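Undergrad: Using only what follows, build the 3D model:
(chains A, B and C)
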Amino acid sequence: MDDLLKEILLINSVSGDESRISDCLINHIVKRRSSWNVSPKIFFGNEFHENILLVFGNPQTAAFAHMDTVGFTSRYENQLVPVGGPEVIPGTWLQGEDAVGAIRCRIQEQQGNVYHDFPRAIQRGTLLSFEQDIRMAAGTIEAAYLDNRLGLYALLKLCETLENGIVAFTTYEEHGGGSMPFLIRFIYENWAIKQALIADVTWITDGVHLHQGAVISLRDSFIPRKTFLNEIIRLAEESEVPYQLEVEAAGGSDGREIQMSPYPIDWCFIGIGEENPHTPSEKASFFDLDCMIKLYQYLMQNL
Amino acid sequence: MDDLLKEILLINSVSGDESRISDCLINHIVKRRSSWNVSPKIFFGNEFHENILLVFGNPQTAAFAHMDTVGFTSRYENQLVPVGGPEVIPGTWLQGEDAVGAIRCRIQEQQGNVYHDFPRAIQRGTLLSFEQDIRMAAGTIEAAYLDNRLGLYALLKLCETLENGIVAFTTYEEHGGGSMPFLIRFIYENWAIKQALIADVTWITDGVHLHQGAVISLRDSFIPRKTFLNEIIRLAEESEVPYQLEVEAAGGSDGREIQMSPYPIDWCFIGIGEENPHTPSEKASFFDLDCMIKLYQYLMQNL
Amino acid sequence: MDDLLKEILLINSVSGDESRISDCLINHIVKRRSSWNVSPKIFFGNEFHENILLVFGNPQTAAFAHMDTVGFTSRYENQLVPVGGPEVIPGTWLQGEDAVGAIRCRIQEQQGNVYHDFPRAIQRGTLLSFEQDIRMAAGTIEAAYLDNRLGLYALLKLCETLENGIVAFTTYEEHGGGSMPFLIRFIYENWAIKQALIADVTWITDGVHLHQGAVISLRDSFIPRKTFLNEIIRLAEESEVPYQLEVEAAGGSDGREIQMSPYPIDWCFIGIGEENPHTPSEKASFFDLDCMIKLYQYLMQNL
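TA: The predicted structure follows:
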């Protein structure tokens, strides 16, 4: 496995607390950008609320990948409150840290409420997330946080060859959003971008399978514009990269906030399927990841 | 029945796929505008994401009618996913088209899931909607898509005499919205509009009846500003056009996105009641439609 | 009890109908501002949709308190539709007024629907709210509308000494919002404010108690940025004002719309706990109110 993927899989970044993953990405970007085909302009940091924006050449299209993960907030009386929609499986190991020190504890559930079993009280508001355990097998990876470390990884690979385009790493996607409206405004006001792709992870279903290519989502709880979807599919065919078409009634992505934005920006989710979403055992295929990267390379150049 | 109403009732325009109805309206507008009292400026097309904006004279108020309808997206294994909130009545005929050809099939329901009975697989993401069957009776019309073809029709009639005002035809209303934020921004930034009316269809209830006039909604899931409602009612009284006051706990319209917009724009839903909403047998009254048109004529001039 | 608090507790202001409370606050502000340390610029009135904005010196931080309350809209057949989330307790007295005259009636409930028992029909769309009954006891106040008259009161007290900062009184908070996007845009475009505090009322729970100080909320249904929360807590410690940390899974405030705004503005809810929220018997502690005022004084100066 790539060192970069391993590195970002080992960082905690529950929604609202993305500063460490943001710093890690910035370090990587600053170190590597001189080796990329085009060295992008970089926007980041506290003033940018931990979001990162990379602007290559004369951009026509922006690609977004979120940096945050699901997790839990500690409450009172050993209670835990979900951040985003983590699967609550009793016995699952969580990790975190408060002012007293490091925390390792297990999820417990009683009558629909979620608790931890840590021997001492955890400070209110402390964020906990799944303990990481990366497992490799023939062509697959199983780990926590593949959602959306795979999206981050795919876009960082895209950066190596991208000539024109914007790559954005976003916060808060798992918990109601809130950084996209700012990023969209900044991107539209400065570069009048009218096309957006969402690099994220979706679910294996009866229509989306492991090892069968990247996933182009035709809808989730929101519906992209038909004319844009037609153009995406035309280019995907042309690219000869294996892909699968997804249709879902529910779920969402950073695309939701593009749909609701006050700018005429088309959007489409293009990502990768995984089993066991929002658990410590998310499972995905390296072949699909490779397809996703290739499809982004083609689309960012040709859209 | 008016040829125009019939023409727009025969066009499919499930949310996200409004290009055909948008083209039809633009053709009508371009053909007719020289016969209107004032020839408006027109904004439309792909760059406008299929929305249409007509600007007459010096506008003070904007009227909005949505062009999209409810429907279904084809998924896998003959499954259908609703677009907006169509009534799922097994046996109902649907129509559509994919790359293979025309589609005519019926709704089936099993354990809360919706299926079609078309003999072949339908391509993923294909949009289907109710087969049209227009039925006229004493003073009423029964058909699919009255929601919101009646709103489109009323505003096109308004255009014939309108001197100052904006008429907007919008997309995506039935499925979460997304075009209104863009339109509101465009309208406010260019003409500083502070008043908006929503021309749409609502439900017959124990307070709203067929043949008793236009409907002024005092609230649905959102609540317009009291001072604006008072002014609307004062003018409606003055107009002597028959109207009914509606109060609902739920439901919504393009007004929702005006309420949530970053501009100080008042809004009110003024429309028409119908029976059997979101079915192929929506039923409305021509008298009510006439009242709605007259009320718009009066309000757009006097607000 | 302070005359000012009593005065604002006696005014009805159901969401959408905030003109009376807005007028009352403006009268107070205009009368008192010459006695304040700094006399603020004032934005208000119909063009401002009844919201009020006070700008002191060179502002770095804005504090928001909502002026509206929960209540009911009269429908047909003696039905009532909730505005916001009032507790529906049969027998509770409501008050209001329509064109026919004053209204005093009680809540009735049948099969999940809410009715009034007023002898005559109430005009459609009339707003009713809890009859006021202010009760004082050792260190506590019990009344309707403490949510959010206590927030208004705290910020008006803050105004007396505030040197730099923005104080905003907002509408529609209890019913889906809609004024915050406008206010945020106005504030950001004019003063580039990047920090916001929400002065509102929250619930007594197993982690938040009467008489134990102001409440700093670490999350509700939305989650503020961790780095901003850390800074708030650091300053609260430094201030030596008693405070309690809250963690909730649900609920919301004007903070939600700051989170979702297109501007990079940090936010945190800092308020006061009460028992029996959204009833005529909301109960709060004067000690907590005093802590809340002191914490705002410290934070607005030092953030």
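Undergrad: now the closest residue to A:Asn78 other than its chain neighbours: how far from chain B?
TA: Closest residue to A:Asn78 in three dimensions, ignoring its sequence neighbours and counting by Cβ to Cβ, 6 or more residues apart in numbering or on different chains: A:Tyr115, at 4.7 Å. (Each C-beta comes from the backbone N, C-alpha and C, glycine too.) In this view, A:Tyr115 and chain B are 33 Å apart by Cβ to the nearest Cβ, to the nearest Å.
Undergrad: Give the phi and psi angles for A:Tyr115, as a check.
TA: Dihedral pair for A:Tyr115: phi -130, psi 160, per degrees, to the nearest 10.
Undergrad: Quick check: beta-bridge partners of it?
TA: Beta-bridge partners recorded for A:Tyr115 (DSSP bridges): A:Gln79, A:Gln108.
Undergrad: Now do the same contact list for it.
TA: Neighbouring residues of A:Tyr115 by Cβ atoms under 8 Å, 6 or more residues apart in numbering or on different chains: A:78-80, A:107-109.
Undergrad: Just the buried ones from those residues?
TA: The neighbour-count test (16 or more other Cβ atoms under 10 Å in any protein chain shown) marks A:78-80, A:107-108 as buried among the contacts of A:Tyr115.
Undergrad: Any chance of TSV for these, columns pLDDT?
TA: Output for the buried ones among the contacts of A:Tyr115, formatted as TSV (pLDDT from 0 to 100):
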residue	pLDDT
A:Asn78	97
A:Gln79	97
A:Leu80	98
A:Ile107	98
A:Gln108	97
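Undergrad: Return the set of buried residues in stretch A:100-118.
TA: A:103, A:105, A:107-108, A:114-116, A:118.
Undergrad: Return the alpha-carbon coordinates of it using CSV.
TA: Once non-C-alpha atoms are left out, stretch A:100-118 reads as follows in CSV (Å, rounded to 0.1, in the frame of the first residue of the first chain):
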residue,chain,number,x,y,z
VAL,A,100,-6.3,14.1,30.9
GLY,A,101,-4.8,11.8,28.3
ALA,A,102,-5.3,9.2,25.7
ILE,A,103,-8.5,7.3,25.5
ARG,A,104,-9.3,3.8,24.3
CYS,A,105,-12.7,2.4,25.0
ARG,A,106,-15.5,0.3,23.6
ILE,A,107,-19.0,1.2,22.4
GLN,A,108,-21.9,0.0,24.6
GLU,A,109,-25.6,0.3,23.8
GLN,A,110,-28.6,0.3,26.2
GLN,A,111,-32.1,1.0,25.1
GLY,A,112,-31.1,3.0,22.1
ASN,A,113,-28.5,5.1,23.9
VAL,A,114,-24.8,4.8,23.3
TYR,A,115,-22.2,4.7,26.1
HIS,A,116,-18.5,4.1,26.4
ASP,A,117,-16.8,1.8,28.9
PHE,A,118,-13.7,3.9,29.7
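Undergrad: quick one, strands of the stretch 151-300 of chain A?
TA: Using DSSP state E, counting those that start in this stretch, the strands of the stretch 151-300 of chain A run over A:165-170, A:195-198, A:201-203, A:214-219, A:243-247, A:266-274, A:282-285.
Undergrad: Present these as TSV; the columns should include distance to A:Glu47 and mean neighbour count.
TA: Formatted as TSV, those follow (distance: least, Cβ to Cβ, whole Å; neighbours: other Cβ atoms under 10 Å in any protein chain shown):
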stretch	distance to A:Glu47	mean neighbour count
strand A:165-170	15	28
strand A:195-198	23	26
strand A:201-203	29	21
strand A:214-219	33	26
strand A:243-247	36	21
strand A:266-274	26	26
strand A:282-285	32	22
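Undergrad: ok, back up a step: which single one of the buried ones among the contacts of A:Tyr115 is nearest to A:Ile29?
TA: Nearest to A:Ile29 among the buried ones among the contacts of A:Tyr115 is A:Leu80, at 33.8 Å by Cβ to Cβ.
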